[in-house]
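**Q** model this:
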Amino acid sequence: MNIKQFYDKPLAHASYALISEGQMAIVDPGRDPQQYYDYAKASQAEIVAVFETHPHADFVSSHLEIHKETGATIYVSRKVGADYPHQGFDEGEQLRIGHVEIKALNTPGHSPDSITIIATDPAKEEKVAFTGDTLFIGDVGRPDLREEAGKMRAKRESLAADMYESIHQKLLKLPDDTLIYPAHGAGSLCGKNMSIETYSTMGEQRATNWALQDMSLEVFMKSLLEDQPFVPKYFGYDVDLNKAGAPNFKEGVHGVNQLASWQEIPQHSLVIDARNEAEFKAGHLEGAINIMHTENGKFETWIGSLIGPDEKFFIIAADKQQADAVIERTAKIGYELLIAGVAIATDDMPTTASKVNMEKFANNRGEFTIVDVRNEAEASNGKYFQNAIVIPLHELRERAGDIPTDKPIVVHCAAGFRSAAGSSVLMRSYPSAEVLDLGEAIKDFETPEPVRA
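**A** Purely as a prediction, here's the structure:
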């Protein structure tokens with residue numbers, strides 16, 4: 001069998017194509033199916049199957065679109081209760097792709113409906129496991145999403161116990177030479193300790209992955225449940241969208257309203273400005289939120305963390321190329337359906353941002369309200385300024401009222417990206433207040449000793 005990994009770095013998402021005897025199966029595809037079509041054509045293979053290891057929370061899958069385009073059968077656990085045409089695929093069932101034997105293992109833990117896809121090539125004595133969000137390289141999937149994500153609910157403690165059983169009763173029984181292909185790598189919010197490696201072997205994971213070591217259920221659950229990252233606003237929306245099956249990617253992207261001018265955007269609208277920090281500060285719409293678009297940055301994650309799935313918004317881009325890229329990346333999480341319109345920035349945009357007087361700030365920090373928009377774990381490891389108010393960026397719109405406005409507000413993060421977004425959020429919340437972004441200048445300040453209780 002021939003296996004190809006497709007890796008989406010901004011989402012830290014891995015999908016796969018498996019080819020045998022001219023037949024091709026796709027595992028956990030991303031929103032845009034074109035890369036799989038191109039690979040099938042180049043490999044002279046027919047797409048006959050799509051496997052979904054579970055309804056994903058952090059991206060939208062193209063499984064339904066691929067089915068409609070190619071006639072490929074979608075295989076997913078019956079426990080999903082999928083609303084799209086599919087074939088139930090659970091433990092004890094198997095099929096063939098070419099001469100490769102495919103079977104399912106029910107491996108709940110990340111979600112109650114998770115499966116692991118086991119592919120075996122008898123001729124080569126080769127075995128691979130597509131583990132979805134159950135087993136990662138260096139970690140296992142977080143069990144707390146179904147309390148927050150969508151209509152498909154399950155308690156985190158119950159799922160953590162399920163994960164323990166899935167690991168010990170199912171996955172640890174795989175041979176050491178089994179290749180492990182997960183759905184995510186480092187940077188994904190579906191786990192907390194993932195390796196930068198995107199595949200491994202069962203033997204290596206047995207030796208190095210913390211979650212596969214010998215420990216009691218109680219110790220495992222405590223370790224798994226503590227210090228999980230935040231849950232973005234869009235996760236529940238994507239779970240439900242993936243359960244139903246997403247609309248056609250290109251139709252959604254091409255259907256976004258292209259405005260002739262930013263002046264068509266109604267006053268007080270929710271606006272996301274995707275330009276870089278300097279362009280935004282030189283001139284922008286009042287109340288716009290600056291989420292910078294960079295090639296490998298986490299634009300999708302942050303737009304889905306700051307903007308809820310019940311909100312319509314406009315997008316401002318630097319040029320047509322950036323506008324197209326932003327729409328496509330927004331569509332990866334299904335948010336193209338929420339875009340009210342897209343416009344290109346011009347040099348005469350009305351609002352500018354004030355700059356921090358660095359000498360005054362360095363010598364008179366008490367004259368400023370300092371807001372740290374890093375996450376709680378980062379801040380607990382050491383604050384740059386002991387008097388800073390810590391409000392993680394993803395909570396800032398809801399908690400802006402916690403910040404006093406009697407002094408100029410200085411916003412910082414660890415490198416500048418989040419502070420650009422955070423300062424623009426506060427400028428929107430307090431249009432008459434002086435809000436300043438420390439930006440990359442934070443690197444000039446040393447992180448002090450960890451915060452003491």
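
**Q** who touches stretch 350-362?
**A** 280-286, 288, 367-368, 410, 423, 427, 434-439, 441, 444 (Cβ atoms under 8 Å, 6 or more residues apart in numbering). (Glycine included, C-beta is placed from N, CA and C.)

**Q** Please repeat the previous calculation with a cut-off of 6 Å.
**A** The contact list for stretch 350-362 (Cβ atoms under 6 Å, 6 or more residues apart in numbering) reads 281, 283-284, 286, 436, 438.

**Q** hey, what's the residue nearest to E93 when sequence neighbours are not counted bridged with?
**A** Nearest non-adjacent residue to E93, counting by Cβ to Cβ, 6 or more residues apart in numbering: A104, 5.9 Å away. Per DSSP bridges, the residues bridged to A104 are I117.

**Q** ok, A104 to V76 distance?
**A** From A104 over to V76 the distance is 10 Å, taken as Cβ to Cβ, to the nearest Å.

**Q** Please say which of the two ends up with more neighbours.
**A** The neighbour comparison of A104 against V76 (other Cβ atoms under 10 Å) goes to V76, with 26 against 22.

**Q** What are the boundaries of the helices in the stretch 151-300 of the chain?
**A** In the stretch 151-300 of the chain, the helices defined using DSSP state H, counting those that start in this stretch lie at 156-169, 202-208, 217-225, 235-244, 249-254, 277-282, 299-306.

**Q** tell me which strands and helices the third one is in contact with?
**A** The reference is to helix 217-225. Using 3 or more Cβ pairs under 6 Å, 6 or more residues apart in numbering; DSSP states H and E, the elements in contact with helix 217-225 are helix 156-169.

**Q** Now for P108: which residues touch it?
**A** So P108 contacts 114, 162 (Cβ under 6 Å, 6+ apart).

**Q** 10 Å - rerun?
**A** Contacts for P108 (Cβ atoms under 10 Å, 6 or more residues apart in numbering) come out as 54, 77, 79, 114-115, 134, 143, 154, 158-159, 161-163, 165-166, 170.

**Q** Would you check how far apart the nearest residue to S20 once chain neighbours are set aside and T178 are?
**A** Among residues not flanking S20 along the chain, G98 sits closest, at 2.7 Å (Cβ to Cβ, 6+ apart). Separation of G98 from T178 (Cβ to Cβ): 19 Å.

**Q** where in this protein is pLDDT low?
**A** 148-154, 448-453 (pLDDT under 70).

**Q** try it again with 50
**A** Confidence mapping of the chain against pLDDT under 50 gives the ranges 453.

**Q** Now the buried members of the contacts of P108.
**A** 54, 77, 79, 114-115, 134, 143, 154, 159, 161-163, 166, 170 (16 or more other Cβ atoms under 10 Å).

**Q** returning to what we had before: surely the residue nearest to E93 and S77 touch.
**A** Yes: using Cβ atoms under 10 Å, A104 is in contact with S77, at 7.3 Å.

**Q** overlap in contacts of those two?
**A** 53, 88-91, 115.

**Q** Among those residues, which one sits closest to M349?
**A** M349 lies nearest to T53 out of these, by Cβ to Cβ, at 44.7 Å.

**Q** Comparing G98 and T178, which residue is more hemmed in?
**A** Each of G98 and T178 has its neighbours counted (other Cβ under 10 Å); T178 has more, 22 against 18.

**Q** which residue packs closest to that one, ignoring adjacent ones?
**A** Using Cβ to Cβ, 6+ apart, the closest residue to T178 is M202 (4.2 Å).

**Q** Provide a list of residues in contact with that neighbour.
**A** 127-129, 131, 135, 171-180, 209, 212 are the contacts of M202 under Cβ under 10 Å, 6+ apart.

**Q** The nearest residue to G304 once chain neighbours are set aside: how many residues sit nearby?
**A** Ranked by Cβ to Cβ, 6+ apart and with sequence neighbours excluded, the top spatial neighbour of G304 is Y234, at 3.2 Å. For Y234, the count of nearby residues is 27 (other Cβ under 10 Å).

**Q** With the one 3 residues further on instead?
**A** Per other Cβ under 10 Å, the neighbour tally for Y237 reads 23.

**Q** The closest residue to it other than its chain neighbours sits in which helix or strand?
**A** Nearest residue to Y237, sequence neighbours excluded (Cβ to Cβ, 6+ apart): P309, at 3.7 Å. Here P309 is covered by no helix or strand, with elements defined by DSSP states H and E.

**Q** Please tell me how far the residue of the chain most remote from its centre sits from D406.
**A** Farthest-out residue of the chain from its mean C-alpha position, per Cα atoms, centre = their mean: N363, at 39.5 Å. From N363 across to D406, the span is 20 Å (Cβ to Cβ).

**Q** do the same with T447
**A** The value you get for T447 to D406, if Cβ to Cβ is used, is 27 Å.

**Q** Who has more neighbours out of these two?
**A** Using other Cβ under 10 Å as the criterion, T447 and D406 rank with T447 on top: 14 against 7.

**Q** Now do the contacts for the more buried one.
**A** When contacts are taken as Cβ under 10 Å, 6+ apart, T447 is in contact with 378-379, 381-385, 414.

**Q** Quick one: mark the members of those that sit in helices.
**A** Taking DSSP state H as the definition of helices, these contribute 378-379.
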